[in-house]
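1. the following block contains a protein sequence and its predicted model.
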Amino acid sequence: MKLAKIFSFYVSYMFFSGLILLMGSCATSSIGVQVLIPADITIPQHVQKVAIINRSLPDKENKAANIIEGILTGESIFADREGSGNCIRGLANGLNSGPRFSATLMEHVDLRGTGTREFPTPLTWGNVENLCSEVNADALIALETFDSGISKRKYTQQRKEKKDEVEITVTDFYSEMQVNINAGWRIYDNKTKKIIDEQAFMDNKVFRGKGDNPDKAEANLPDVRWAINEAGIYSGEMFARRISPTWRNESRMFFIRKGEEFKKAQRFVQHNDWDQAIDIWKPLTTNPEKKIGGRACFNMGIACEMKGEFDIALEWMKKAYYDYNIKQASQYINILNRRILDQQRLNEQMGN
């Protein structure tokens, strides 16, 4: 699949009074875009379908110690069992919502590990092959370790409010619970019979309770078991982002005023018709009035980025900044340099 097709922007035109930015005598409008971000870890191209299992549960030897740990730390007994199950579900959902992998969750598989942060011995390749064959997968992703930890803190914030026409100071009480998830993953390549990656990651999710006294703030915190489940889902989603390109919402701005041509081009942008907008802006890039020429160059850069033409977009943005001193172009030069580097990694990860 060509990257230009995969990368194609989802553009939502946001032309409302709250989204028009006044910059001196010049006005701009914003557009929302979805940008494909490369993964941190590059998985070989022959891996398209993955199977996911949970191997983090303790065996009989470690089960008793796991229960005692839950009691001593104040966590619900078997909370990590539920949390780890939600962790692999978060991974599967994250991978299936991205453009790179299709993932199959194998929740019926009962392979045990240490129940601690210590990685168990790797699975045999015979086990890996049997599991992959069951769902026609190219690789197996195993949650090898899972451990949760909880920390709490209390704090206050003061704010002003009016009561009976008199301004008073009100103190709000907060209780904060941070759930720390330590998840260790292995990715087994069934074709090459190699472990592609083996790492543990720490992910944190924070929950807050608010009240007019410390006890009420504490009471408004969520149940610990529920919080661990939510943090487990989040940790799985984060690992999906680390191994699969992910869509991210960003915004871009463009100039909309100073002449009828800009207003006309704005209407084409509203309907995601960048070619028509380019036909209007391009002749204006040589306008003798520097503000018009510079803003047209800037808009050309945005339009070329929307079409996936990053190198051309960078040329236009540099022209806007260096030739016409359009200050807003400076940050976009950095953005486009990043996009060009990201595209190289995406080409490798997406097989283009």
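-> Looks like it arrived, so ask away. Numbers count the residues shown, from 1 in each chain.

2. beta partners of I141?
-> I52, I187 (DSSP bridges).

3. per-residue confidence at it?
-> For I141, the model assigns a pLDDT of 98.

4. ditto for E129
-> Model confidence at E129, given as pLDDT, is 97.

5. please report how far the nearest residue to it once chain neighbours are set aside lies from L105.
-> Of all residues not flanking E129 in the chain, N190 sits nearest, at 5.9 Å (C-beta to C-beta, 6 or more residues apart in numbering). C-betas here are computed from N, CA, C, even on glycine. With distances taken as C-beta to C-beta, to the nearest Å, N190 is found 17 Å from L105.

6. N213: neighbouring residues, count only.
-> Number of residues near N213 (other C-beta atoms under 10 Å) recorded here: 10.

7. any idea how far it lies from E176?
-> Relative to E176, N213 is positioned 16 Å away (criterion: C-beta to C-beta).

8. can you check M238 too?
-> Taking C-beta to C-beta, one finds M238 at 20 Å from E176.

9. what does I195 give?
-> Distance from I195 to E176, counting by C-beta to C-beta: 38 Å.

10. what residues does stretch 332-345 touch?
-> If you take C-beta atoms under 8 Å, 6 or more residues apart in numbering as the criterion, stretch 332-345 is touched by 3, 7, 35, 37-38, 42, 298, 301-302, 305, 310-311, 313-314, 317-318, 321.

11. any of those buried? List them.
-> Buried members of the contacts of stretch 332-345, counted by 16 or more other C-beta atoms under 10 Å: 3, 7, 35, 37-38, 298, 301-302, 305, 310, 313-314, 317-318, 321.

12. from those residues, which is closest to I228?
-> Nearest to I228 among these, counting by C-beta to C-beta, is I37 at 27.9 Å.

13. what sits against the closest one?
-> R241, P245, T246, W247, R248, D342.

14. repeat that for 10 Å
-> By C-beta atoms under 10 Å, 6 or more residues apart in numbering, the contact set of I37 is R241, S244, P245, T246, W247, R248, E250, R338, R339, D342, R345, L346.

15. helices - which of the contacts of stretch 332-345 land there?
-> Of those, the ones assigned to helices by DSSP state H are L3, F7, F298, G301, I302, E305, F310, D311, A313, L314, M317, K318.

16. in the chain, which helix is the longest?
-> Max-length helix for the chain by DSSP H is helix 329-350.

17. test my guess that M350 contacts Q45.
-> Yes - contact criterion C-beta atoms under 10 Å: M350 and Q45 qualify, at 8.5 Å.

18. shared neighbours of these two, anything?
-> Here M350 and Q45 share the contacting residues R100, scored by C-beta under 10 Å, 6+ apart.

19. between these two, which is the more surrounded one?
-> It is M350, of M350 and Q45, that has more neighbours when counted by other C-beta under 10 Å, with 19 against 13.

20. what separation do you get for that one and A39?
-> As judged by C-beta to C-beta, M350 and A39 stand 10 Å apart.

21. now do the helices in the stretch 101-250 of the chain.
-> Ranges of helices in the stretch 101-250 of the chain, per DSSP state H, counting those that start in this stretch, are 125-135, 214-219, 224-243.

22. same question for the second one, mean pLDDT?
-> Computed over helix 214-219, the mean pLDDT rounds to 95.

23. which of the residues in it are buried?
-> A217, E218.

24. what helices and strands are in contact with it?
-> strand 139-163, strand 166-189, strand 194-211 (3 or more C-beta pairs under 10 Å, 6 or more residues apart in numbering; DSSP states H and E).

25. may I have that helix as PDB, with CA atoms only?
-> What follows is helix 214-219, C-alpha atoms only, in PDB (Å, rounded to 0.1, in the frame of the first residue of the first chain):
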ATOM      1  CA  PRO A 214     -10.100  15.400  52.800                       C
ATOM      2  CA  ASP A 215     -12.500  12.600  53.600                       C
ATOM      3  CA  LYS A 216     -14.900  13.400  50.800                       C
ATOM      4  CA  ALA A 217     -12.000  13.800  48.300                       C
ATOM      5  CA  GLU A 218     -10.800  10.300  49.300                       C
ATOM      6  CA  ALA A 219     -14.300   8.900  49.000                       C
END
